[in-house]
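[1] quick one: sequence plus predicted model below, questions after.
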There are 2 protein chains.
Amino acid sequence: MREGPDIARVATLIGDPARANMLTALMTGKALTASELAAEAGVTVQTASTHLAKLLDGELLQMRKQGRHKYFALAHADVAATIEALMGLAAGQGATRTRTGPKDAQMRQARVCYNHLAGQMGVQMFTSMRDRNFIWERGEDLGLTPQGETFVTGFGVALDGLTAARAPLCRRCLDWSERRTHLAGSLGRAMLAQMEALAWVRRDKGSRALLFSQAGQRAFTAAFPN
Amino acid sequence: MREGPDIARVATLIGDPARANMLTALMTGKALTASELAAEAGVTVQTASTHLAKLLDGELLQMRKQGRHKYFALAHADVAATIEALMGLAAGQGATRTRTGPKDAQMRQARVCYNHLAGQMGVQMFTSMRDRNFIWERGEDLGLTPQGETFVTGFGVALDGLTAARAPLCRRCLDWSERRTHLAGSLGRAMLAQMEALAWVRRDKGSRALLFSQAGQRAFTAAFPN
DNA sequence: CGAATGCTTCGGTTAACGTCGAACTATGCG
DNA sequence: CGCATAGTTCGACGTTAACCGAAGCATTCG
């Protein structure tokens, strides 16, 4: 009776609590094994196995075998974007499952979203770079200006490998907590990777929160002033 | 076991075929009565009633009573954006429920998305206005330049009423078929309304497709050249 | 006031699906 | 080659929730 793509199919796929937990866990961008995902979702491995098969079939996940392990990751950035959108809706109706604790504040300040920096600090990095004309915008497209390339290279990120890939260098990602744009794409991932290499920040084990060191925090505000 | 908003709850809500059909039907932006939605979804009114109650409870819909009718609409633009994102995923995996027919091509060319123009022509309108400096962009924010205000007013849209409202004048909306930005927000709605008033275009009854007349098509390309 | 229409609530049936224990296959290690 | 670990398949159970018929409110109209 209706036209258009079958939205119910994919929504049902995401709608199961176990599968939603798996997807949320994968929002960090890190690939996880089947048993790790089972633990994340709070189900036995055999249940997890069927869920993962469905997610693969629905093309929400990609998988690669490595020895006797299977590593799962989100299929592509669109999946991450859709999940962020759903989080935005869910957050709006105040239905955070766990009561908001210290972890939650941490998450709002800085967290990892599909391997790039999100939260207040993610937004700050983006706006700071844009306001200094390091990033140009044109509709949905983003890119680095010449000054931006200099800045990024000076920051320690090698652009050669990034621009060679067919994935876009810069991408917009809408933050579900801030409701503002932050930087995604291969550059967004590289920037976060470099901050980790500089020991500004480390990932919280078992959540998406990012923990900045005191020195890292200072260096960050110096590098990306408001 | 997991942190963050309860994404499964809202996804389950969208995941039922009947409810998904209702939401899709409401993507036009038009408010529909309970029985109309029942027909759209292909269920009896009593089943539709329970579904609608759940969608209201989940804050995906808003409702207003009018006489012995109840009119339902999407709660806010974020809901529409999320559904578009899901459509993008579903379309990607080639799972369009109905075989692609002439209707489908029509839909890709021009359709209504939450009361504004979407599809190829929606994208064209946006890019054309942006390239002529009628619209400025700054991160997630959009707005009309002085030249843009002149143009829009000349087009027959009164800006006074729009800017007074607290809803944003310009908004980005990501097209699921084109994967490009088109113009949403109150201005996007007003532009489409004006095109309908000028009889450039009329809505296809029973689908989201927009049917441009020959003259309307010509006038459109003149007003929004590539 | 009835009669008609739009929507809701109740009860009971049915189907789908998530869940786990147990048995099975595959890979790696000593 | 055994043994351990990672992942899958099978079967049975239980819960959930969608569905409709029928009866119940609410609103409008003659």
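    Happy to help now that I have it.
[2] what's the spacing between the residue most central in space within chain A and residue A:25?
    The centre of chain A sits closest to residue A:113, judged by C-alpha atoms, centre = their mean, with a distance of 1.8 Å. The gap separating residue A:113 from residue A:25 is 13 Å, by C-beta to C-beta, to the nearest Å. For the C-beta atoms, the positions are set from N, CA and C on the backbone; glycine is no exception.
[3] where in chain A is pLDDT low?
    Counting by pLDDT under 70, the low-confidence segments of chain A come to A:1-4, A:93-103, A:139-140, A:164-166, A:179.
[4] after the lengthiest helix in it, which helix or strand is next?
    Using DSSP state H, we find that the single longest helix of chain A is helix A:77-92. Per DSSP states H and E, helix A:77-92 leads on to helix A:102-109 as the next helix or strand towards the C-terminus.
[5] break chain A into its domains for me.
    Residue ranges for the structural domains of chain A, counted by automatic domain parsing, are given in the record as A:7-75, A:100-223.
[6] between its first and last residues, how far does the shortest one reach?
    Its start and end residues considered, domain A:7-75 measures 17 Å (C-alpha to C-alpha, to the nearest Å).
[7] who does the longest helix of chain A touch, helix- and strand-wise?
    Counting by 3 or more C-beta pairs under 8 Å, 6 or more residues apart in numbering or on different chains; DSSP states H and E, the packing neighbours recorded for helix A:77-92 are helix A:17-26, strand A:171-174, helix B:7-15, helix B:77-92.
[8] mind checking which of these is nearest residue A:92?
    helix B:77-92 (6.9 Å; C-beta to C-beta).
[9] using PDB, write out the CA atom coordinates for the closest one.
    Listed next in PDB are the C-alpha coordinates belonging to helix B:77-92 (Å, rounded to 0.1, in the frame of the first residue of the first chain):
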ATOM      1  CA  ALA B  77      11.600  17.600  11.700                       C
ATOM      2  CA  ASP B  78      14.100  15.300  13.500                       C
ATOM      3  CA  VAL B  79      11.700  12.400  13.100                       C
ATOM      4  CA  ALA B  80      11.500  13.100   9.400                       C
ATOM      5  CA  ALA B  81      15.300  13.300   9.100                       C
ATOM      6  CA  THR B  82      15.700   9.900  10.900                       C
ATOM      7  CA  ILE B  83      13.200   8.300   8.600                       C
ATOM      8  CA  GLU B  84      15.000   9.600   5.600                       C
ATOM      9  CA  ALA B  85      18.200   8.200   7.000                       C
ATOM     10  CA  LEU B  86      16.500   4.800   7.400                       C
ATOM     11  CA  MET B  87      15.200   5.000   3.900                       C
ATOM     12  CA  GLY B  88      18.700   5.700   2.700                       C
ATOM     13  CA  LEU B  89      19.900   2.500   4.300                       C
ATOM     14  CA  ALA B  90      17.000   0.400   3.100                       C
ATOM     15  CA  ALA B  91      17.400   1.800  -0.400                       C
ATOM     16  CA  GLY B  92      21.000   1.000  -0.400                       C
END
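[10] got a list of contacts for it?
    Counting by C-beta atoms under 8 Å, 6 or more residues apart in numbering or on different chains, helix B:77-92 makes contact with A:4-7, A:9-11, A:59-60, A:78-79, A:81-82, A:85-86, A:88-89, A:92, B:14, B:23-24, B:27, B:29, B:60, B:74, B:96, B:113-114, B:171, B:173-177, B:179, B:184, all of which sit outside it.
[11] and those residues, which are buried?
    The neighbour-count test (16 or more other C-beta atoms under 10 Å in any protein chain shown) marks A:4-7, A:9-11, A:59-60, A:78-79, A:81-82, A:85-86, A:88-89, A:92, B:14, B:23-24, B:27, B:29, B:60, B:74, B:113-114, B:171, B:173-177, B:184 as buried among the contacts of helix B:77-92.
[12] and the residue nearest to residue A:26 when sequence neighbours are not counted, what is it in contact with?
    In this structure, residue A:26 finds its nearest non-sequential neighbour in residue A:74, 5.1 Å apart by C-beta to C-beta, 6 or more residues apart in numbering or on different chains. The contact partners of residue A:74, by C-beta under 8 Å, 6+ apart, come to A:23, A:26, A:27, A:29, A:60, A:61, A:62, A:80, A:114.
[13] so what's the backbone phi/psi at residue A:74?
    Taking degrees, to the nearest 10, you get phi -60, psi 140 for the backbone angles of residue A:74.
[14] partner residues bridging it?
    residue A:61 (DSSP bridges).
[15] of the contacts of residue A:74, closest to residue B:193?
    Nearest to residue B:193 among these: residue A:80, at 34.7 Å, using C-beta to C-beta.
[16] report how many residues lie close to the closest one.
    Neighbourhood size, residue A:80 [other C-beta atoms under 10 Å in any protein chain shown]: 21.
[17] roughly how far apart are it and residue B:85?
    Between residue A:80 and residue B:85 the distance is 10 Å, computed by C-beta to C-beta.
[18] sorry, back to before: now do the longest helix of chain A against helix A:7-15, angle only.
    Between helix A:77-92 and helix A:7-15, the angle formed by their directions is 70 degrees, by axes from the mean of the first three to the mean of the last three C-alpha atoms, to 10 degrees.
[19] measure how helix A:77-92 sits relative to helix A:17-26, angle-wise.
    Between the axis of helix A:77-92 and that of helix A:17-26 there is an angle of 110 degrees, by the same axes, to 10 degrees.
[20] what does chain A have sitting close to DNA strand D?
    Chain A has residues A:33-35, A:45-46, A:48-50, A:52-53, A:68-70 near DNA strand D, with proximity defined as C-beta under 7 Å from any atom of the strand.
[21] pull out the buried members of those.
    With burial judged by 16+ other C-beta under 10 Å, the buried subset of the residues of chain A next to DNA strand D is A:34, A:48, A:49, A:52, A:70.
[22] which of the residues you listed sit farthest apart?
    Those two in those that are separated most widely, counting by C-beta to C-beta, are A:48 and A:70, at 10.8 Å.
[23] and chain A, which residues reach DNA strand C?
    If contact is defined as C-beta under 7 Å from any atom of the strand, the residues of chain A in contact with DNA strand C are A:12, A:16-18, A:43-44, A:46-47, A:50-51, A:54, A:67-68.
[24] against residue B:45, how distant is the closest residue to residue A:196 other than its chain neighbours?
    Using C-beta to C-beta, 6+ apart and skipping residues adjacent in sequence, the residue nearest residue A:196 is residue A:202, 6.7 Å away. Distance check for residue A:202 against residue B:45: by C-beta to C-beta, it reads 56 Å.
[25] check which helices and strands the helix or strand harbouring residue A:160 is in contact with.
    Assigned by DSSP H and E, residue A:160 falls within helix A:159-164. Applying 3+ C-beta pairs under 8 Å, 6+ apart, we find helix A:159-164 packed against helix A:146-155, helix A:185-197.
[26] flag every buried residue along that helix.
    Judged by neighbour count (16+ other C-beta under 10 Å), helix A:159-164 contains these buried residues: A:159, A:162.
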